[in-house]
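A.B. asks: here's a sequence, model it:
(chains A and B)
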Amino acid sequence: MEKIAITGLGIVAPSGIGRRQFWANIKSGRSFIKKITRFDASKYPSRIAGQIDDLEKYSSFSERLLKKIDAFSHMALIASELALQEAGIDIKKEDPNLVGIFLGNAIGGWLYAETELRDLYIEGREGVSPYMASAWFPAAPQGQVSIHYGIKGFSKTVVADRASSIEAIGYARKTLNKGKLNMILAGGMEAPVTPYALLCCNTYGGLSVNNENPESAYRPFDKKRSGFVIGEGAGIVVLEPKERALARGANISAYISGYGTSCDGQDRINPGSDGTQLARAIRTALKDAQITAQEIDYISLDGVALDIWDDSEIGALKNVFGAGLKDIPVSCPKSMFGNLLGASGAVDLVITVLAMENSLIPATLNLETPAYPGLNYVTPEARERKINKALIISRGRGGINSVLIVEKT
Amino acid sequence: MDTKTKIKEILVKLLKVKPEELKDDAKLYDGIGVDSTEMVETVIALEKEFGTKLSPKEITKFSSIDDIARVIKSKISA
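C.D. replies: Sure thing, here's the model as predicted:
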């Protein structure tokens, strides 16, 4: 398959909104995981998160629109606007039939849904906002961004738990390679810091309950790991065929050159314990990119910080990279701001592109005593390193394995 | 407060529009840009405010503020 150009980055995360603020915080290695303050979370086992408190400050969208949508659509609108601005694209000047949008999401818009469900039970049917029907479901952000920009081309929302956004980006790349569209907004968004969504995440049982030490709670691959911490936000990029991006003189940040996916098919929650299928997804992505494992010079880890997930991730890497693994820097920057679930892979893509641009690999926080020694972990600080080819791993519950390969221009 | 002023107040509150944008002859769809869900919300709010049922035939997206006021007045006085 042809390489697909990334020409614009849009990031909305606890570590910052917009590439400048976000990258400044990521490269400094600062933690943005704190006690949840949006609502009273004191009775939840895990009550810490990467929370965005000042979304409105960065928003140019009308109050009339905002009252109809959930926070996850708002995040997607801001990230799309940032990505399009950076790409220098005015969609009004594009053929709308040849513009698409491919987004990933895991849990939907619960901040809106919870409020309306409460009203349903207290006030009855007439107490529920009519916007409820179009605000909560996972494809709502795709719809809202499409309406806002008049996007009319082939589009999709992918729901594949935490792997959703890498699946959406992989699917977008395939679609562009088939020549169906001129450009795609691709990525994901998630807003799980709400009472019901947090309850579901807690019920799943994978969250760290180290509430007294929020900044050191999320510690992927560390011996004292205790699960992940949720975060909210969106990562959306502009994708275009290489020829079109070059022809219009776009500033190409990087290329997506490979994508691989597989399913473990073993358990409804946990992955396969040996990482065999993740290894297969990695090999598929390498083959797709027509490169060898030895050419990869940075690996962005999924890092769920639970035994079976970390075990199988490292198992898959050892399976594919063998003895050469010790020479490849690996990192899990989401330890700074939380796991954005369905948006986590897209945010990892944004970080990887920024790391390539700046020749600086962000750190994994709290990786003090590696549970798997011998790997080339970037910790506790960012490390200068030229990156030409990077591999991003994103995995979802039930054993969804998604891998993306990104190349420098 | 007359019917038309009450209708405008409801629209300002619901649609977050400025009062000066609401001309008497402004149609819900063309003039004010009401979408399908805003139509539902507007009709529910009008029914609640004026204590009368309004059918989709009586209030449509082509109704102006003048038209709505006329329908509501005739319903209330009937």
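
A.B. asks: in contact with the nearest residue to residue A:152 once chain neighbours are set aside, which residues are there?
C.D. replies: Of all residues beyond its chain neighbours, the one nearest residue A:152 is residue A:96 (4.2 Å), with distances taken as Cβ to Cβ, 6 or more residues apart in numbering or on different chains. For glycine as for every other residue, the C-beta is placed from the backbone atoms N, C-alpha and C. Contact analysis of residue A:96 by Cβ atoms under 8 Å, 6 or more residues apart in numbering or on different chains lists A:150-153.

A.B. asks: contact residues of chain A facing chain B?
C.D. replies: Neighbours of chain B within chain A, by Cβ under 8 Å from any Cβ of the partner chain: A:62-64, A:67-68, A:126, A:129-131, A:133-134.

A.B. asks: give me the buried subset of the contacts of residue A:96.
C.D. replies: Among those, those scoring as buried are A:151, A:153 (criterion: 16 or more other Cβ atoms under 10 Å in any protein chain shown).

A.B. asks: closest one of the contacts of residue A:96 to chain B?
C.D. replies: Nearest to chain B, judged by Cβ to the nearest Cβ, of these is residue A:150 at 14.3 Å.

A.B. asks: I'd say the closest one and residue A:90 touch.
C.D. replies: No. At 11.1 Å, residue A:150 does not count as touching residue A:90 under the criterion of Cβ atoms under 8 Å.

A.B. asks: show me the contacts for residue A:72.
C.D. replies: Each residue near residue A:72 by Cβ under 8 Å, 6+ apart is listed here: A:105, A:108-109, A:140-141, A:189-191, A:232, A:234.

A.B. asks: for the chain, which segments count as helices?
C.D. replies: In the absence of a named chain, chain A is used. A:19-28, A:63-66, A:71-87, A:110-123, A:132-135, A:140-149, A:164-177, A:195-204, A:242-247, A:276-289, A:307-321, A:344-358 (DSSP state H).

A.B. asks: I was thinking of chain B, sorry if that wasn't clear
C.D. replies: Using DSSP H, helices in chain B cover B:3-15, B:36-50, B:65-77.

A.B. asks: tell me which of the contacts of residue A:96 fall in strands.
C.D. replies: The subset of these located in strands under the criterion DSSP state E is empty.

A.B. asks: redo the contacts of residue A:96 as CSV? Include pLDDT.
C.D. replies: Converted to CSV, the contacts of residue A:96 look like this (pLDDT from 0 to 100):
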residue, pLDDT
A:150, 97
A:151, 98
A:152, 98
A:153, 98
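
A.B. asks: around chain A, pick out the residues from chain B.
C.D. replies: By Cβ under 8 Å from any Cβ, the part of chain B that sits against chain A consists of B:15-17, B:37-38, B:40-41, B:44.

A.B. asks: how about a cut-off of 10 Å?
C.D. replies: B:14-17, B:33, B:35-44, B:47-48 (Cβ under 10 Å from any Cβ of the partner chain).

A.B. asks: just the closest residue of the stretch 251-400 of chain A to chain B, please.
C.D. replies: With Cβ to the nearest Cβ, the shortest gap between the stretch 251-400 of chain A and chain B falls at residue A:342, namely 24.9 Å.

A.B. asks: list the residues that contact the residue nearest to residue A:375 when sequence neighbours are not counted.
C.D. replies: Leaving aside its sequence neighbours, residue A:375 sits nearest to residue A:330 (Cβ to Cβ, 6+ apart; 5.7 Å). Contact partners of residue A:330, counting by Cβ atoms under 10 Å, 6 or more residues apart in numbering or on different chains, are A:221, A:298-301, A:303, A:313-314, A:317, A:321, A:361, A:364, A:375-379, A:391, A:393.

A.B. asks: do residue A:141 as well
C.D. replies: Counting by Cβ under 10 Å, 6+ apart, residue A:141 touches A:69-70, A:72-77, A:79-80, A:101, A:103-105, A:108-109, A:157, A:187-191, A:234, A:236.

A.B. asks: check residue A:356 too.
C.D. replies: Contact analysis of residue A:356 by Cβ under 10 Å, 6+ apart lists A:253-254, A:297-298, A:386-390, A:406-409.

A.B. asks: pLDDT averaged over stretch A:321-338, what's the number?
C.D. replies: For stretch A:321-338, the mean pLDDT works out to 98.

A.B. asks: quick one: terminal-to-terminal distance for it?
C.D. replies: Terminal residues of stretch A:321-338 are spaced 27 Å apart (Cα to Cα, to the nearest Å).

A.B. asks: buried residues in it?
C.D. replies: Quick answer for stretch A:321-338 (16+ other Cβ under 10 Å): A:321, A:325, A:328-338.

A.B. asks: related to what we said a few turns ago, now the buried members of the residues of chain A next to chain B.
C.D. replies: Neighbour-count burial (16+ other Cβ under 10 Å) is assigned, among these, to A:67-68, A:129-131, A:134.

A.B. asks: what does the helix or strand of chain A with the lowest mean pLDDT contact?
C.D. replies: When each helix and strand of chain A is scored by mean pLDDT, DSSP states H and E, helix A:132-135 comes last, with a mean of 89. Under the contact criterion Cβ under 10 Å, 6+ apart, helix A:132-135 has outside partners A:67-73, A:108-109, A:111-113, A:115-117, A:119-120, A:129, A:140, A:143-144, B:35-37, B:40.

A.B. asks: which of those residues are buried?
C.D. replies: Among the contacts of helix A:132-135, those buried by neighbour count (16+ other Cβ under 10 Å) are A:67-73, A:108-109, A:111-113, A:115-116, A:119, A:129, A:140, A:143-144, B:35, B:37, B:40.

A.B. asks: grab the nearest non-local neighbour of residue B:30.
C.D. replies: Once flanking residues are discounted, residue B:30 sits nearest to residue B:62: 7.7 Å by Cβ to Cβ, 6+ apart.

A.B. asks: same check, this time on residue A:274
C.D. replies: Nearest non-adjacent residue to residue A:274, counting by Cβ to Cβ, 6+ apart: residue A:315, 5.3 Å away.

A.B. asks: do you know how far the one you found is from residue B:4?
C.D. replies: Counting by Cβ to Cβ, to the nearest Å, the gap from residue A:315 to residue B:4 is 72 Å.

A.B. asks: good, wrapping up.
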